[in-house]
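**Q** Show me how the following folds:
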Amino acid sequence: MDWSSLSGIAIAVIGILIGQAIEGGEIGSLLQPAAFVIVVFGTFGAVLLQTSSKSFIEGLSMLKLVFYPPVDDRQALADRINLWSHFSRKQGIFLLEPYLIKETEPFIIKGLRLMIDGTPPEKIRQICAIDMHFYEIQQRNAARIWNAAGGYAPTVGILGAVLGLIHVMENLSDPSNLGSGIAVAFVSTIYGVGLANLVFLPISNKLKVLIQNEMKRREMLLNAWSSIASGDHPKIVEERLHSYLR
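**A** Residues are numbered from 1 along each chain as shown. Here you go, the predicted structure:
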């Protein structure tokens, strides 16, 4: 669990509620189901319209990474790379098959398989670089839905405010309904701006960092494979790995 993400949302919400209480307002007045439905469904409807359903679903599934980010396994990965390097130096790169069988990550399996098959270093770099390029595009397209939601939410909040004011105008003859209409109008704007700046955009930025970290991890693997396939000494491979571990 990434407690910084959970704490960030909690601090933001608590700050708004405390501010509302300090001003003498009712906290319950911020709870408007109609405003919430308008902003959330309107925002994600607009996001779904601009993107493919596959990217939309993948983007939603990436939400869990904000609270349960991938474990930083670069050190353990560097240790495995050093094993591959020393083994290939002593026994030959074509005998790395036992290490390949132990791997479960498709990208690592691909790289090791290319080395074992005797693929030239420049071809390994070329093939894996293409794989990395399209992986990054796929991940960024999925994460972009949160950035889009952050852009649409304030506008949809204003739309909810206008709908609330229309409801007020329709009930001018009935003062008992004026309060609820005005509440929906203003709370819709709060939901739109609040969700955009306190939830959607921070999620988008955090996912961008996680994607960048994964690309650095894959770059570390790619450089190691090219170095091992070139016959570099294990010490050289190890020194290059240190740059990624700092």
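
**Q** From the centroid of this structure, which residue is nearest?
**A** By Cα atoms, centre = their mean, the chain has its centre lying nearest to residue 207, at 2.4 Å.

**Q** Quick check: pLDDT value at the nearest residue to it once chain neighbours are set aside.
**A** Closest residue to residue 207 apart from its sequence neighbours, by Cβ to Cβ, 6 or more residues apart in numbering: residue 143 at 3.9 Å. Bear in mind the C-beta positions are built from the backbone N, C-alpha and C, glycine included. Each residue has a pLDDT score; the one for residue 143 is 95.

**Q** related to what we said a few turns ago, residues touching the residue nearest to the centre of the chain, list them.
**A** 62, 65, 66, 143, 146 (Cβ atoms under 8 Å, 6 or more residues apart in numbering).

**Q** Same check on residue 72?
**A** residue 213.

**Q** Residue 30 reaches residue 20, doesn't it?
**A** Yes - counting by Cβ atoms under 8 Å, residue 30 touches residue 20, with 6.3 Å between them.

**Q** and the closest residue to residue 61 other than its chain neighbours, how many neighbours?
**A** Of all residues not flanking residue 61 in the chain, residue 142 sits nearest, at 7.9 Å (Cβ to Cβ, 6+ apart). By the measure other Cβ atoms under 10 Å, the count of residues near residue 142 is 22.

**Q** Just the strands from the chain, written as ranges.
**A** Per DSSP state E, the chain carries no strands over any range.

**Q** what about the longest helix in it?
**A** The longest helix of the chain (DSSP state H) is helix 121-170.

**Q** Which strands or helices does that helix pack on?
**A** helix 33-50, helix 53-61, helix 106-116, helix 178-195, helix 201-229 (3 or more Cβ pairs under 8 Å, 6 or more residues apart in numbering; DSSP states H and E).

**Q** hmm, back to that, which residues touch the residue nearest to residue 61?
**A** 55, 58, 59, 61, 62.

**Q** Compute the number of surrounding residues for the last one.
**A** The reference is to residue 62. Neighbours of residue 62 using other Cβ under 10 Å come to 19.

**Q** doesn't residue 143 make contact with it?
**A** Yes - using Cβ under 8 Å, residue 62 makes contact with residue 143 at a distance of 5.9 Å.

**Q** Okay, buried residues for the least confident helix or strand in the chain by mean pLDDT please.
**A** Scoring the helices and strands of the chain by mean pLDDT, DSSP states H and E places helix 178-195 at the bottom, with a mean of 81. Across helix 178-195, burial judged by 16 or more other Cβ atoms under 10 Å covers 181, 183-192, 194-195.

**Q** Dump that helix to CSV, restricted to CA.
**A** The C-alpha trace of helix 178-195 is given here as CSV (Å, rounded to 0.1, in the frame of the first residue of the first chain):
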residue,chain,number,x,y,z
LEU,A,178,-35.1,26.7,-4.2
GLY,A,179,-32.5,25.6,-1.6
SER,A,180,-31.9,22.1,-3.2
GLY,A,181,-31.5,23.6,-6.7
ILE,A,182,-29.0,26.2,-5.5
ALA,A,183,-27.1,23.6,-3.6
VAL,A,184,-26.8,21.3,-6.6
ALA,A,185,-25.6,24.3,-8.7
PHE,A,186,-22.8,25.3,-6.4
VAL,A,187,-21.8,21.8,-5.2
SER,A,188,-21.5,20.6,-8.8
THR,A,189,-18.8,23.2,-9.4
ILE,A,190,-17.0,22.1,-6.3
TYR,A,191,-17.1,18.5,-7.3
GLY,A,192,-15.9,19.3,-10.8
VAL,A,193,-13.0,21.5,-9.7
GLY,A,194,-12.2,19.3,-6.7
LEU,A,195,-12.1,16.0,-8.5
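
**Q** helices or strands up against that helix?
**A** helix 33-50, helix 121-170.

**Q** Quick one: residues contacting residue 160.
**A** 34, 35, 38, 39, 42, 184, 185, 188, 189, 191, 192.
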